[in-house]
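Participant: Give me the fold of what follows.
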Amino acid sequence: MTKIIGIISFKGGVGKTISVINIGAALSKLNKKVLVVDANFLSPTLHIYLGLLNPDITLREAIRNNILPEDAIYEHKSGLNVMPCNFYKDADLEKFKKIIDYVKEKYDYVIVDSGPSYSEEILGVLMVADEMIFITTPDYPTLTTTLRAAELVKQKKLPIIGIIVNKKRKKSYELTSKDIERTTSLPVISEINDDHKIMISVSKFNSIINQYPRNKNSKNYLRIAKEIIGDEEEIKKLSNELKKIGLS
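Facilitator: Model prediction:
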């Protein structure tokens, strides 16, 4: 059964889209068929991160022009499937939901990137998601917006997997994961270190998982993927496979 994971943050610049790509890549490494979808209608960039610089047919065209959704899906060199979006004001969210319901049948996981603010874009993600993950950085201004996002998701009664803390620099002035868990009453499922290799991977239009598979952050993203999968027996089997190739 397909699981749809919404990835949200109410603040830009926290690394949400990079997280979407790497979570998708990690699930793919664990032999899952994955689609990443750009539901950031007003400032879509997912395709640019993956080297798809000027797609003619995207989620917008599938919604507006009734183009077959599969024609808006592209395969990245890593094997990850991508549904990009062109700028789209006043998106038809009901049609968006129908498209996601249609395409999800071909995948184990659909990872949906949202806009960086409270808007209709967020409502679209909440309409389709089965579970949510929040992205934050270890500072009070960003954590405040995370709290607002968490309240909204709780009102919608959607399950929350937890929080990913991005751009961790291990400085004394940063919030700790315990601080964040105490403030939000949500689990921190991983910390992703601020690492220049992530940006090198972006420059190569790739995930850090595929560019630097033995990097600590790559292993952290694999742990997040295991958290999403959740099945203990399946995780044990996948962990043994990863050990054989030195990734666990």
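
Participant: Residues in contact with the helix or strand hosting residue 163: which ones?
Facilitator: Assessed by DSSP states H and E, residue 163 sits inside strand 160-168. Outside of strand 160-168, the residues within contact range by C-beta atoms under 8 Å, 6 or more residues apart in numbering are 5, 14-15, 18-19, 131-138, 146, 150, 153-154, 174, 177, 180-181, 184, 186-194, 224, 227-228. Quick note: C-beta positions are derived from backbone N, CA and C, even for glycine.

Participant: From the residues you listed, which land in helices?
Facilitator: 18-19, 146, 150, 153-154, 177, 180-181, 184, 224, 227-228 (DSSP state H).

Participant: which stretches of the chain form helices?
Facilitator: 16-29, 46-49, 59-64, 93-103, 120-128, 140-155, 177-184, 196-203, 208-211, 216-229, 232-244.

Participant: Reformat the ones you listed into CSV and put mean pLDDT and mean neighbour count next to each item.
Facilitator: As requested, those are arranged in CSV below (pLDDT from 0 to 100; neighbours: other C-beta atoms under 10 Å):
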stretch, mean pLDDT, mean neighbour count
helix 16-29, 96, 26
helix 46-49, 95, 22
helix 59-64, 95, 22
helix 93-103, 95, 17
helix 120-128, 87, 20
helix 140-155, 90, 17
helix 177-184, 94, 15
helix 196-203, 96, 15
helix 208-211, 96, 24
helix 216-229, 95, 20
helix 232-244, 59, 13
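
Participant: Take the ones you listed and write them to a markdown table, including distance to residue 112.
Facilitator: As requested, the helices of the chain are exported to a markdown table (distance: least, C-beta to C-beta, whole Å):
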| stretch | distance to residue 112 |
| --- | --- |
| helix 16-29 | 8 |
| helix 46-49 | 10 |
| helix 59-64 | 10 |
| helix 93-103 | 8 |
| helix 120-128 | 5 |
| helix 140-155 | 13 |
| helix 177-184 | 21 |
| helix 196-203 | 20 |
| helix 208-211 | 19 |
| helix 216-229 | 13 |
| helix 232-244 | 23 |
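
Participant: For residue 111, find the nearest of those.
Facilitator: Across the helices of the chain, residue 111 has its closest neighbour in helix 16-29 (4.8 Å, C-beta to C-beta).

Participant: now could you export just the CA positions of that closest one as CSV?
Facilitator: Only the C-alpha atoms of helix 16-29 are listed here, as CSV (Å, rounded to 0.1, in the frame of the first residue of the first chain):
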residue,chain,number,x,y,z
LYS,A,16,13.2,21.4,2.9
THR,A,17,13.6,20.6,-0.8
ILE,A,18,17.0,19.0,-0.3
SER,A,19,15.5,16.9,2.5
VAL,A,20,12.7,15.8,0.1
ILE,A,21,15.3,14.7,-2.5
ASN,A,22,17.4,12.9,0.0
ILE,A,23,14.6,11.1,1.8
GLY,A,24,13.3,10.0,-1.6
ALA,A,25,16.9,8.8,-2.6
ALA,A,26,17.2,7.0,0.7
LEU,A,27,14.0,5.1,0.2
SER,A,28,15.1,4.2,-3.3
LYS,A,29,18.3,2.8,-1.9
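
Participant: so residue 99 makes contact with residue 60?
Facilitator: No. In this structure residue 99 lies outside contact range of residue 60 using C-beta atoms under 8 Å: 10.8 Å.
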